[in-house]
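Novice: just the structure for this:
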Amino acid sequence: MAEDGPVYTCDEVTDVTCAETCVSLEACMECGCAVLQDEGGPWGSAMDVIFCLLPIVFLLVVTLKPKPMATTLSLPLAALLMFLVRLMYLGSDPLLTSGSVIAGAHEALTPLSIMAGAMSLFEVMEATNCMPFMMREMKALTKGHPVAELMILFSFAYMVEGASGFGTPVALGAPMLISLGHPKLESVVVLLLMNTFATVWGAAGTPIWFGFGGLGLTEDEFIEISYKAAVCIAIAAYLLLPFVLSIMVPKTLLNKNRLFIAASLSTCVLPSLGLSFAFYEFPALIGGLVGCIGTSVLIHYRVGLSQHEPDELLLETGRHPMEIASVCEESIVHDYRKQQSVDFSVSTKGPAQEIASTESKPITNPNGMAQNDIEIAENDNPVDPVGSKKEADENLGRGVSFDDPVETIEATEDAGDGIVSFDDDEALKRKNEVDRERSIFQRQGTSMSDAVTTDSLRAVEDHFGPRKAVGEGYVKELLLRTFPIWGTILILFLTRVEQIGIKELLQRTDPHFSIYFGTYGTFEMSASLVVSLKDILTYPGLSWTYALLYVPFLVPFILMSALTVFIFRKELTRGVGKMRRNVLGRLVGPAKALVGALILVELMLNGGEASPASLIGTTLSEAMAGGWIAIAGFIGVLGSFFSGSTTISNLTFGNIQMIAAENIGTSTTSLLALQACGASAGNGVCLNNIIAACAIVGLTNVGEGTIIAKTYKYVLGFVVIATIGMLIFFLRF
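Specialist: Numbering: from 1, shown residues only. Model (predicted):
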């Protein structure tokens, strides 16, 4: 080996001189030789951190600026910038760097396939009318109470995270929340934030046992990480969740339901906390399941749940509490409205504006009579609902639209789902005018909640008929119509809990067959349909793996979609081909963004101690000494932000957190628990999850920066609370 030449490392043999004697590609691959990387660039550790953070800073700036750059462009540009940093400043092995680009492009298949599966399931649920049925039953349970709906979705997301991970809670929960009539944008924001409380355990404890698996920890130390993180999560949940709910629910209504929120949260978080002292695999799964049951009981018996006034809620949110919607362009609700007169609409731009659409639908009273046909006896004059509404709008300074919630109107683009969002400076004015608005309808002999009937529920009733009694086949219908959801959860449970044994079968890599694709890599497929590409561009150890039956795509989403289509094949409102085209059409934009995102992730992570992520963590931990504790949680957030995974964040920074704990002289498991909390919180600002959620619900007119601007405050608050909790209870020096 030349004295000033490259230094090699060989994975397969101890004699590194094989790197000089190899005469063929096959021989070099047998000894597994690669250039040994220098740790850092030529200008010192401080500049290493600056250069390695440059692509992340660029991404944040262009995403969060007032007129943000689309992620379909910003993410590929950030990946390109990292590619240049690695080659031109860090001097990384060109094979490793270029191979990371290929690996990242392949890795995008995982989130894209999950998105496709989730979209397919909800398309099928709409096409078979299972989703409208489920929403009617949910409304029957909650009576349209928004706090009740949100809390049961919190426990549901908690449970799904414990069963699946992979961002599945948002993929399942956000469309359900939207189908309950809530705005698209707020639904995505709230589900992203709700998902931050359970991902510390992920699917059967994967972020703990796998994320920290290479650190040589004992089983007892895994348990310590679990319960220490659980204590901080419980504190954060009780303090932050009411503020998260306020994104969608008026604060006055939240204050009236504080007892219910605390009781519902306790049914989920306290069992999870208790289990964390004995297990790290099941706290999220079992806690979420108990929470779903407990919250349903609380709702049924109205424990701590105040009576809400539908007309006040209608004025404050622009949404009737019994309204349901759809994430799909075609549904029985949509079809029903097409058959009726076109929706009544009032312009949101003020009284001087003409009605937005020339095709308008009259408001109807509970008896189905057009409101403009009603005469008020005491005044002996016909009531003009348009004039009445304009009069109210003149005082309120805004208009309410009862258009199809699937279609977005100009004044409410950011709200999504065609539901009006209001600025804070209008809140006091609206409150003062509630009585005046109500009096207009009282003069008509009705209340607002009755005057504006919910076409969506009427459409469901027309299709299914009145709700059946238990002895009239109700239980059978309920089980069949909810089968897509409970069947999905059941399959996720069976395939994720390691003790059952199916998980190991779905992830087996042997026996397998191989196909040699030259320098591109070696393709392998096992009997369990685990496909992989090994030694990409001949770089040893650089590979990509995709477990076709384990990633939640074919199983359970496509499987459940197919079974649902078969069961309700006579009721399909559209063909399978149309549903497939709808799904593929919505994946084009996210595919471009996710390919760029995953390439950036691979370029950040690959290279061991010489990788940009490792250089950032190591340099900062050495420089900050005891002050590292203040940013330890935020390092976890950073890992989830660019990687999209609590597990990957723990894998990336777990070793750095352990070294920092040893240098500071504090508890290793406490600092690792803080890392896990930060990584869990980071799911609220994770670009991968945001892109996927927006694609699944069809929220195409809102940039990712808009969503991050709404979530980051809660993420920062989560990390601060977790850090303080860890300092009070566990960290000792």
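Novice: how far away is Leu506 from Leu603?
Specialist: 30 Å (CB to CB, to the nearest Å). No exception for glycine: its C-beta is placed from N, CA and C like everyone else's.
Novice: now swap in Gln499 and tell me
Specialist: In terms of CB to CB, Gln499 sits 37 Å off from Leu603.
Novice: name the residue in the two with the higher neighbour count.
Specialist: Neighbour count, other CB atoms under 10 Å: between Gln499 and Leu603, Leu603 has more, with 29 against 8.
Novice: right, and the more buried one touches Met82 too?
Specialist: Yes - using CB atoms under 8 Å, Leu603 is in contact with Met82, at 4.4 Å.
Novice: who touches both of the two?
Specialist: Pro612 (CB atoms under 8 Å, 6 or more residues apart in numbering).
Novice: quote the end-to-end distance of stretch 463-482.
Specialist: With CA to CA, to the nearest Å as the measure, stretch 463-482 spans 17 Å from end to end.
Novice: what residues sit buried inside it?
Specialist: Across stretch 463-482, burial judged by 16 or more other CB atoms under 10 Å covers His463, Phe464, Leu478, Leu480, Arg481, Thr482.
Novice: state the pLDDT value of the residue lying closest to Asn257 once chain neighbours are set aside.
Specialist: Spatial nearest neighbour of Asn257, chain neighbours left out: Val147 (4.6 Å); criterion: CB to CB, 6 or more residues apart in numbering. At Val147, the model reports a pLDDT of 93.
Novice: ok, now which ones touch Val147?
Specialist: Contact analysis of Val147 by CB under 8 Å, 6+ apart lists Leu245, Val249, Leu253, Leu254, Asn257, Phe260, Ile261, Leu305.
Novice: shouldn't Ala593 be in contact with Leu77?
Specialist: No - between Ala593 and Leu77 there is no contact under CB under 8 Å: 11.2 Å.
Novice: those two: which has the busier surroundings?
Specialist: Regarding Ala593 and Leu77, a neighbour count based on other CB under 10 Å identifies Ala593 as having more, with 25 against 16.
Novice: which helix or strand contains the more buried one?
Specialist: In this structure, Ala593 sits in helix 576-605 according to DSSP states H and E.
Novice: downstream of that helix, the next helix or strand is which one?
Specialist: helix 612-624.
Novice: any buried residues in that following helix, and which?
Specialist: In helix 612-624, the ones that count as buried by 16+ other CB under 10 Å are Pro612, Ala613, Ser614, Leu615, Ile616, Gly617, Thr618, Thr619, Leu620, Ser621, Met624.
Novice: quick check, nearest of these to Gly541?
Specialist: Ser614 (15.6 Å; CB to CB).
Novice: ok so, going back, could you say what helices and strands the helix holding Ala593 packs with?
Specialist: Counting contacts by 3 or more CB pairs under 8 Å, 6 or more residues apart in numbering; DSSP states H and E, helix 576-605 is packed against helix 45-64, helix 71-84, helix 94-107, helix 109-127, helix 612-624, helix 628-643, helix 646-664, helix 687-697.
Novice: can I get those helices in a markdown table including distance to Cys292 and mean pLDDT?
Specialist: Shown next, in a markdown table, are the helices and strands packed on helix 576-605 (distance: least, CB to CB, whole Å; pLDDT from 0 to 100):
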| stretch | distance to Cys292 | mean pLDDT |
| --- | --- | --- |
| helix 45-64 | 35 | 91 |
| helix 71-84 | 33 | 93 |
| helix 94-107 | 33 | 95 |
| helix 109-127 | 19 | 89 |
| helix 612-624 | 37 | 87 |
| helix 628-643 | 26 | 90 |
| helix 646-664 | 22 | 87 |
| helix 687-697 | 21 | 88 |
